[in-house]
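*Asks:* model this:
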Amino acid sequence: MSNPFDKMPQPANDEHYNDNGEDFINHAKQAGLSVEEYKQLYQNIKALQADERRYHFPGDEEVSTVIHNAIMKEIELSQSKNDALTDPLTKLPNRRAFDDEFERKTTLLENKRRLSDQEKRPSLYVVFLDIDNFKKINDTYGHDAGDIVLQRLASLLKTTVRENDFVARTGGEEFVFLIENQGLGISDIHTIVERIRKTIESTPIPLSKDTIHITTSIGIAEYIKNDSCIKKADDAMYRSKMEGKNRISFYDPKSDSIVPLHSNEHADISVAS
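*Replies:* Presented below is the predicted three-dimensional model:
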């Protein structure tokens, strides 16, 4: 990818343009950055162009203008990339971002496994989560209410998952997690995911006319090299749907089968009293 600063002239002396000046502060605001963040970017770009020594500036004011334009271009490119990887409704990473993160995490995992002993073997689990009876929400309350449910669930997931875990909306009412563990097994993962399931089930979601509670069906599969763990986690999630919803199922590689990890008789939309 080409460097957006490749054609930027070399800065001359711009000592008058500093973080105490009005122009500098206004440029930082225009860029949506703090003065310190803008100052760091400005210095980095100036140093980059000084090293290339290609051009000469006729005056100081043009230096600050050109570097500011380069900063704005960098922000624009970064925002465009971020938009391409973000679900517009929930602001979570989208399927493309998930695919990128899965590739990155599995590559790192394989490197870690080569350096780890068997007892502390690092692991990665894929978790699919799907809202139960989501069509009923849309049919009963309308599609705007369905969007609210997706947004509220996304906000809830952001605050419920652990800091190092990754969550994305991959489409419709489906979400997916990547959960890393160091030497922990499926029982530990079940504890983490069950906490998420219970939190969702117990959290009220206010709509225009009612406040409702939702449930989710969840499937888990561990990443194993050269194995289709994404599909197996998805299959486990659908097994949870088939077995009555509002539960967790796990793909067990030892038996090559999907086993239930949680069962709950109640799996429907409920209106809070």
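
*Asks:* so what's His190 closest to, chain neighbours aside?
*Replies:* Leu261 (5.0 Å; Cβ to Cβ, 6 or more residues apart in numbering). C-beta here means a position set from N, CA and C on the backbone, and glycine is covered the same way.

*Asks:* got a list of what the one you found touches?
*Replies:* When contacts are counted by Cβ atoms under 8 Å, 6 or more residues apart in numbering, Leu261 touches Ile186, His190, Glu194, Ile220, Arg247, Ile248, Ser249, Phe250.

*Asks:* and the helices in the stretch 1-150 of the chain, which stretches?
*Replies:* With DSSP state H, counting those that start in this stretch applied, the stretch 1-150 of the chain shows helices at 22-31, 35-52, 60-84, 95-115, 134-141, 143-160, listed in chain order.

*Asks:* of the ones you listed, which shows the lowest average pLDDT?
*Replies:* With a mean of 63, helix 60-84 has the lowest mean pLDDT of the helices of the stretch 1-150 of the chain.

*Asks:* which of the contacts of Leu261 are buried? Put it as a ChimeraX command.
*Replies:* To isolate the buried ones among those in ChimeraX, judged by 16 or more other Cβ atoms under 10 Å, type:
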select :186,190,220,247,248,249,250
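
*Asks:* including secondary structure, pLDDT and distance to Val35, could the contacts of Leu261 go into a markdown table?
*Replies:* A markdown table is the format used below for the contacts of Leu261 (DSSP: H, G, I helix; E, B strand; the rest coil; pLDDT from 0 to 100; distance: Cβ to Cβ, whole Å):
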| residue | secondary structure | pLDDT | distance to Val35 |
| --- | --- | --- | --- |
| Ile186 | helix | 83 | 49 |
| His190 | helix | 92 | 48 |
| Glu194 | helix | 95 | 46 |
| Ile220 | strand | 96 | 46 |
| Arg247 | coil | 96 | 52 |
| Ile248 | strand | 96 | 48 |
| Ser249 | strand | 96 | 52 |
| Phe250 | strand | 95 | 51 |
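
*Asks:* quick check, nearest of the contacts of Leu261 to Leu207?
*Replies:* Taking Cβ to Cβ as the measure, Leu207 sits nearest to Arg247 out of the contacts of Leu261, at 25.0 Å.

*Asks:* that closest one touches Pro260, doesn't it?
*Replies:* Yes - at 6.4 Å, Arg247 and Pro260 qualify as touching, with contact defined as Cβ atoms under 8 Å.

*Asks:* tell me if I'm right that Ile137 and Ala145 touch.
*Replies:* Yes - counting by Cβ under 8 Å, Ile137 does reach Ala145; the two are 6.3 Å apart.

*Asks:* looking at the two, which has the bigger crowd around it?
*Replies:* Ile137 (23 against 18; other Cβ atoms under 10 Å).

*Asks:* and the more buried one, how far is that from Asp100?
*Replies:* According to Cβ to Cβ, to the nearest Å, Ile137 stands 30 Å off from Asp100.

*Asks:* same question, Met242
*Replies:* From Met242 to Asp100 the distance is 31 Å (Cβ to Cβ).

*Asks:* and Ser116, what does it touch?
*Replies:* Pro122.

*Asks:* report pLDDT for it.
*Replies:* Reported pLDDT for Ser116: 71.

*Asks:* what comes up buried for stretch 244-257?
*Replies:* So, applying 16+ other Cβ under 10 Å, buried residues of stretch 244-257: Lys245, Asn246, Arg247, Ile248, Ser249, Phe250, Tyr251, Asp252.

*Asks:* run the chain-centre distance for that stretch.
*Replies:* From the chain centre to the centre of stretch 244-257 is a distance of 25 Å (Cα atoms, centre = their mean, to the nearest Å).

*Asks:* alpha carbons of that stretch, in CSV - could you do that?
*Replies:* This file holds the C-alpha atoms of stretch 244-257, laid out as CSV (Å, rounded to 0.1, in the frame of the first residue of the first chain):
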residue,chain,number,x,y,z
GLY,A,244,-34.9,-26.4,22.9
LYS,A,245,-32.8,-23.1,22.7
ASN,A,246,-31.4,-21.1,25.6
ARG,A,247,-28.6,-23.5,26.1
ILE,A,248,-24.9,-24.2,25.3
SER,A,249,-23.6,-27.1,23.2
PHE,A,250,-20.0,-28.1,22.6
TYR,A,251,-18.3,-30.0,19.8
ASP,A,252,-16.2,-32.7,21.5
PRO,A,253,-13.3,-33.7,19.2
LYS,A,254,-12.6,-36.9,21.2
SER,A,255,-16.0,-38.4,20.4
ASP,A,256,-16.5,-36.3,17.2
SER,A,257,-20.0,-35.4,18.4
